[in-house]
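>>> Quick one: sequence and predicted model below, then my questions.
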Amino acid sequence: MRLVVSGGGTGGHIFPAIAIAEEFRKRYPTSEVLFIGSRDGMEASIVPSTAIPFQGVTARKLRKVLSADTALVALSLGRGCLEARRYIKAFRADIILGTGGYVAAAAVIAGASMGIKTAILAPDMVPGRTNLLLARFVDRICVTFEESVSFFPAAKTVVTGMPLRSGVSLPITVTAEEARGRLPGLKPDRFTLLVLGGSQGARAINQVVGDAAEDLITSGVQILHQTGTRNYEEIRGAYAQLIEAGGYFPIPFLNGDEMAAALRSADLVLCRGGISTLTEVMQNRLPAIVVPLPTAYADHQTHNAHALETRGACILKRQGDLNAEVLSREVAALRADQTRLSALANAAGESARPNAAHDVCNILDDITG
């Protein structure tokens, strides 16, 4: 069996593709997998480190519908389709799976035009433009939320959940105290706030956390903060004295092992509403304050967070309503109410679908006969 996976632009598109490829290889040890991504995207540096063969093609993101950029995007998509078609033919693919981003559109459209079985992962509560476009061409559509089925043809839409990269959860035998010992500086017995702004960071959240850090630390909280690589130096410079004093631990990016330890270390998570981050929170049964990115397409992060909020699995805070004082007050209230923290954690765990990669591979099996 030969599988092409394609996705790019953000970790939420790249890591699920890697997770599915890893599960597919376990299921079919003699199988071959090819990852098609943008030659200029972050996937071009991430995927090769996984030992999955990578092929870059032309891709360009549509910033605004019917803008001056639209024609360039169309040309880029056409070129990407031709390039993907050439690589798919040479690879002799049996099936193609797109996990999001405009590069996935090129690969999936190319494969469908060649008569190859295709599927997409559309994990956000409200699907993006690319997945809405691709839905008409593909054989199966995998979604995270039951509510998302209404956006697609019901006969070919399946709720699988969002596949996670391997190793993002530690064994249940590892305690929070033990996990904190794996991360430099963290004290094993201190209430830990984990801040996740997504794979590229979140400047607005970074600012609030930095401004609230002194009050939080004074109250007995330690902060592990994934700032995003592009924001790290700014944070380190602005809060150098606080970092030196201890209790505030900014880090540019958490790799797989570090992320697993960070998630197990956390008593509470402050994060964006990207579905990959929310899935990590759910799978690790963590209470979370979710601050959606207000400029996300179709406000999909708010819809993601609202879907969890209605399940009792998170606290939704609008970015405009969050400041240092609000954050400090919210964290203090949750620390003082262990019953509420436990209820949020339990609801998050009950919303998780830990076998998502396995279930997506079942779909791939089904459509290839």
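On my side now, so go ahead.
>>> Break the protein down into its structural domains.
2-162+354-368, 176-351 (automatic domain parsing).
>>> contacting residues around the residue nearest in space to the middle of the chain?
Centroid check for the chain by Cα atoms, centre = their mean gives Ser276 as the closest residue, at 2.3 Å. Neighbouring residues of Ser276 by Cβ atoms under 8 Å, 6 or more residues apart in numbering: 10-12, 15-16, 123, 162, 164, 198-199. In this view, the C-beta of every residue, glycine as well, is placed from N, C-alpha and C.
>>> what do you get if the cut-off is 7 Å, keeping everything else the same?
By Cβ atoms under 7 Å, 6 or more residues apart in numbering, Ser276 lies in contact with 11-12, 15-16, 162.
>>> could you say which helix or strand contains it?
For Ser276, the element it lies in under DSSP states H and E is helix 275-283.
>>> following that helix, which helix or strand shows up next?
Per DSSP H and E, the first helix or strand lying C-terminal to helix 275-283 is strand 288-290.
>>> State the mean pLDDT of that next one.
Confidence for strand 288-290, expressed as mean pLDDT, is 98.
>>> What pLDDT does the model give the residue nearest to the centre of the chain?
Ser276 is assigned 91 on the pLDDT scale.
>>> any idea how far it lies from Met162?
7 Å (Cβ to Cβ, to the nearest Å).
>>> Common neighbours of those two, please.
Going by Cβ under 7 Å, 6+ apart, residues that sit against Ser276 and also against Met162 are Pro16.
>>> quick one on the thing from earlier: pipe the contacts of Ser276 into JSON lines and attach distance to Val326 and pLDDT per row.
JSON lines is the format used below for the contacts of Ser276 (distance: Cβ to Cβ, whole Å; pLDDT from 0 to 100):
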{"residue": "Gly11", "distance to Val326": "27", "pLDDT": "83"}
{"residue": "Gly12", "distance to Val326": "26", "pLDDT": "85"}
{"residue": "Phe15", "distance to Val326": "31", "pLDDT": "91"}
{"residue": "Pro16", "distance to Val326": "32", "pLDDT": "95"}
{"residue": "Met162", "distance to Val326": "29", "pLDDT": "96"}
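>>> Take these and keep only those in helices.
11-12, 15-16 (DSSP state H).
>>> Output stretch 220-238 as PDB, nothing but the C-alphas.
Extracted C-alpha coordinates of stretch 220-238, given in PDB (Å, rounded to 0.1, in the frame of the first residue of the first chain):
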ATOM      1  CA  GLY A 220       2.500  30.500  44.200                       C
ATOM      2  CA  VAL A 221       2.100  29.700  40.500                       C
ATOM      3  CA  GLN A 222       5.000  28.700  38.200                       C
ATOM      4  CA  ILE A 223       4.600  29.400  34.500                       C
ATOM      5  CA  LEU A 224       5.900  27.300  31.600                       C
ATOM      6  CA  HIS A 225       5.300  29.400  28.500                       C
ATOM      7  CA  GLN A 226       5.700  28.200  24.900                       C
ATOM      8  CA  THR A 227       6.200  31.700  23.300                       C
ATOM      9  CA  GLY A 228       6.700  30.700  19.600                       C
ATOM     10  CA  THR A 229      10.200  30.900  18.000                       C
ATOM     11  CA  ARG A 230       9.600  34.300  16.500                       C
ATOM     12  CA  ASN A 231       8.500  35.900  19.800                       C
ATOM     13  CA  TYR A 232      11.000  34.300  22.200                       C
ATOM     14  CA  GLU A 233      13.800  36.900  22.100                       C
ATOM     15  CA  GLU A 234      11.200  39.700  22.600                       C
ATOM     16  CA  ILE A 235       9.800  37.900  25.700                       C
ATOM     17  CA  ARG A 236      13.200  37.100  27.100                       C
ATOM     18  CA  GLY A 237      14.300  40.700  26.800                       C
ATOM     19  CA  ALA A 238      11.200  42.300  28.200                       C
END
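>>> so for that stretch, what's the average pLDDT?
Averaged across stretch 220-238, pLDDT comes to 92.
>>> which residues are in contact with it?
183, 186-187, 190-197, 200-203, 206, 209-210, 213, 216, 243, 247-254, 262, 265, 331.
>>> and after the longest helix along the chain, which helix or strand comes next?
The helix that spans the most residues within the chain, counting by DSSP H, is helix 70-91. Downstream of helix 70-91, the next assigned helix or strand under DSSP H and E is strand 95-98.
>>> now for that next one, which elements pack on it?
Using 3 or more Cβ pairs under 7 Å, 6 or more residues apart in numbering; DSSP states H and E as the contact test, the elements touching strand 95-98 are strand 2-6, helix 102-113, strand 117-122, helix 356-368.
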